[in-house]
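> model the following, please.
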Amino acid sequence: MKGTERLRVFENKVLRKIFGAKRDEVTGEWRNLHNAELHAMYYSPNIMTNIKSRRSKWAGHVARIGESRNAYRVLVGRPEGKRPLGRPRPRCEENIKMDLRAVGYDGRDWTNLAQDRD
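Have a look, this model is predicted:
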């Protein structure tokens, strides 16, 4: 199971704990809420939308503070040393570019885009 699916499953589990069970009108028995019923009761975007939005806000802030700060080095830097076997994990900058591609921006030079806060 991917990380995004795990987060959605966790979010649904927490919402089920918060809202509890529901009594069925026809049979009168208690039952757990379906995902559609949970999301109809909870009017917030899903957890992945929230994470992507906050990540892009943080990246914009870090891009504006300048290249001399450590947070900027973490955002665009390349790790040193040996990497573990297998496919490399996406870096912070690659995650930001994927988020921007999802909303329709090609993500070539997102740091210049971040300089304009609006």
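
> what's the offset of whichever strand or helix holds Ile18 from the middle of its chain?
Per DSSP states H and E: Ile18 is located in helix 3-19. Averaged C-alpha coordinates place helix 3-19 at 14 Å from its chain's average position (CA atoms, centre = their mean, to the nearest Å).

> check stretch 39-55 too.
8 Å.

> can you check stretch 7-20 too?
Relative to its parent chain, stretch 7-20 has a centroid offset of 17 Å by CA atoms, centre = their mean.

> list the buried ones in the helix holding Ile18?
8, 11-12, 15-16 (16 or more other CB atoms under 10 Å). (Each C-beta comes from the backbone N, C-alpha and C, glycine too.)

> if we only consider the residues you listed, which is nearest to Arg31?
Using CB to CB, Arg16 comes nearest to Arg31 of the buried residues of helix 3-19, at 11.1 Å.

> please name the nearest non-neighbouring residue to the residue most central in space within the chain.
Residue closest to the mean C-alpha point of the chain, counted by CA atoms, centre = their mean, is Ile51 at 2.9 Å. The shortest distance from Ile51 to any non-neighbouring residue, by CB to CB, 6 or more residues apart in numbering, is to Leu7 (7.6 Å).

> tell me which helix or strand comes right after the longest helix along the chain.
Scanning the chain for the longest helix, with DSSP state H as the assignment, gives helix 47-65. As assigned by DSSP H and E, the chain's next helix or strand after helix 47-65 is helix 70-76.

> can you give the distance of that next one from its chain's centre?
Distance, centroid of helix 70-76 to centroid of chain: 19 Å (CA atoms, centre = their mean).

> what packs against it?
Under the contact criterion of 3 or more CB pairs under 8 Å, 6 or more residues apart in numbering; DSSP states H and E, helix 70-76 touches helix 47-65, helix 92-102.
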